[in-house]
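Asks: Make a model of this:
(one chain, ligands or ions: 2)
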Amino acid sequence: MQTLTITRPDDWHLHLRDAAMLAFVTGFSARQFGRALVMPNLSPPITTVEQALDYRHRILAALPPNCEFNPYLSLYLTENTPPQEIESAAQSPFILGFKLYPAGATTHSEAGVHSLKTIYPLLEYMESHDLVLQVHGEVTDGNIDIFDREKVFIERELHPIHERFPNLRMVLEHITTSEGVDFVHRSPANIAGTITPQHLLYNRNALLAGGIRPHYYCLPVLKRETHRQALIQAATSGNPKFFLGTDSAPHTRKSKESACGCAGCFSSPLAIELYAEVFEQANALDKLENFSSRHGADFYRLPYNSGTVTLEPAAWTVPDCYIGPDGIEIVPLRSGETIRWRLRNGYISSSSSFSKSSNSSSRGGSPS
Ligand code: NCD
Ligand code: ZN
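Replies: Ligands and ions are numbered 1, 2, ... in the order given. Coordinates of the predicted model:
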């Protein structure tokens, strides 16, 4: 079986957190991706251009040496975002848009939007400034079944927004349903969607069958198999409206393995390898490069990365856990199981020289 060399990919939906966690996780993304759109759901959230540029410096400072990785930011949209902030964001080359979190929808979304109508004037302003709205597309209405929250959001919120602001550029982030695929598919070119590896590889059985598996819990939650099939079809179709966004969202083992565990899957140490598996299984490896390295760049009107990455079919076992400083332990997606593709000569952070703490846990760096 042959190796696969593609233009260095980008991750258009990534959580890097801050402080020790930021320092620990950034290298995993930088070893494979050229750029990322980093999410602003810190605590407190990144709501201003000034905060975003400070955060960007902290991300750059967390990068391993000699590594080229360009972080872009999305600002956290609130009901109180001043219009001047939209103007400043439009002028900053490092800010690609605003993230809409319905209040209560997901991790650190408390400062998000309670009623979308209240932000219509801001959306109009964003539309006229050609800024992208990155959407967490789930309703938070407690009467709506959690598995239907994306579908209902599209009906209740997204259609009206799109009708009212037809030129507003939007990315429906981490789509998980056939309804999400259809919405993006049928919309004009100013609407796109990102797709995560977990929603392409797993259905809700992975989360709930044979025991509750908290490391497969993310939001939007994994759906039934028919939806996964629709996502695979969209990702591997070659349609430029769908592109890579891992939504890699590190949480400590303790906060996931809890009576009330946090939502988020940590996939950045093996993300491009997971996507390669999906595309190979769909007989569409030739479509991987456009999905991971071109469609997102085109949507965000950025040039393609100049370097390449090479994947080889060499199975390895995903560590049970990545152990960082300050007692950080993160269980990755697919922990303890094998993965077929391996990134060759991926950037290896200096922390990889740490010895392994047990047979199957790793102290960072790339698989070897
Ligand atoms: C994300 C996080 O942990 O920040 N969690 C998740 O389940 N995806 C937030 C988000 O993108 O919803
Ligand atoms: Zn996310």
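
Asks: Please list all residues in contact with Ser171.
Replies: Not Ser; residue 171 is Val. Applying C-beta atoms under 8 Å, 6 or more residues apart in numbering to Val171 gives the contacts Trp12, Gly97, Val132, Leu133, Gln134, Val135, Ile191, Ala192, Gly193, Thr194, Gly245, Phe299. C-beta coordinates here come from the backbone N, C-alpha and C atoms, glycine included.

Asks: In strands, which of those residues appear?
Replies: Trp12, Gly97, Val132, Leu133, Gln134, Val135, Ile191, Ala192, Gly193, Thr194 (DSSP state E).

Asks: Enumerate every residue touching the residue nearest the centre of the chain.
Replies: What sits nearest the mean C-alpha location of the chain, by C-alpha atoms, centre = their mean, is Asp247, with 2.2 Å. By C-beta under 8 Å, 6+ apart, the residues touching Asp247 are His13, Leu14, His15, Glu173, His174, Thr194, Thr196, Gln198, Cys218, Gly264, Cys265, Ser267.

Asks: Pull up the per-residue confidence for it.
Replies: pLDDT recorded at Asp247 is 98.

Asks: gap between it and ligand 1?
Replies: Counting by C-beta to the nearest ligand atom, to the nearest Å, the separation of Asp247 from ligand 1 is 5 Å.

Asks: The nearest residue to Pro303 once chain neighbours are set aside: what secondary structure?
Replies: Nearest non-adjacent residue to Pro303, counting by C-beta to C-beta, 6 or more residues apart in numbering: Ala297, 6.8 Å away. For Ala297, the assignment made with DSSP: H, G, I helix; E, B strand; the rest coil gives helix.

Asks: Pretty sure Ala297 sits against Phe291.
Replies: No: assessed by C-beta atoms under 8 Å, Ala297 is found out of contact with Phe291, at 11.4 Å.

Asks: So for those two, which residue has more residues nearby?
Replies: Between Ala297 and Phe291, counted using other C-beta atoms under 10 Å, the more crowded position is Phe291 (26 against 19).

Asks: May I have the secondary structure class of that one?
Replies: Under the three-state scheme (three-state DSSP), Phe291 adopts helix.

Asks: tell me which element Pro65 is part of?
Replies: For Pro65, there is no enclosing helix or strand under DSSP states H and E.

Asks: What segments of the stretch 101-250 of the chain are strands?
Replies: Using DSSP state E, counting those that start in this stretch, the strands of the stretch 101-250 of the chain run over 132-135, 169-172, 191-195, 242-244.

Asks: residues in the stretch 151-300 of the chain within reach of ligand 1, list them.
Replies: Contact residues, the stretch 151-300 of the chain versus ligand 1 (C-beta under 6 Å from any ligand atom): Cys218, Leu219, Asp247, Ala249, Ala263, Gly264.

Asks: quick one on the thing from earlier: what is in contact with Ala297 and Phe291 at once?
Replies: Here Ala297 and Phe291 have no joint contacts, going by C-beta under 8 Å, 6+ apart.

Asks: do you know how far Arg203 is from Ile232?
Replies: Slight slip there: residue 203 is Asn, not Arg. Distance of Asn203 to Ile232, given as C-beta to C-beta, to the nearest Å: 11 Å.

Asks: Partner strands of the lengthiest strand in the chain, with direction?
Replies: In the chain, with assignment by DSSP E, the single longest strand is strand 308-317. Its sheet considered, strand 308-317 pairs with strand 4-7 (antiparallel), strand 338-344 (antiparallel) by DSSP bridges.
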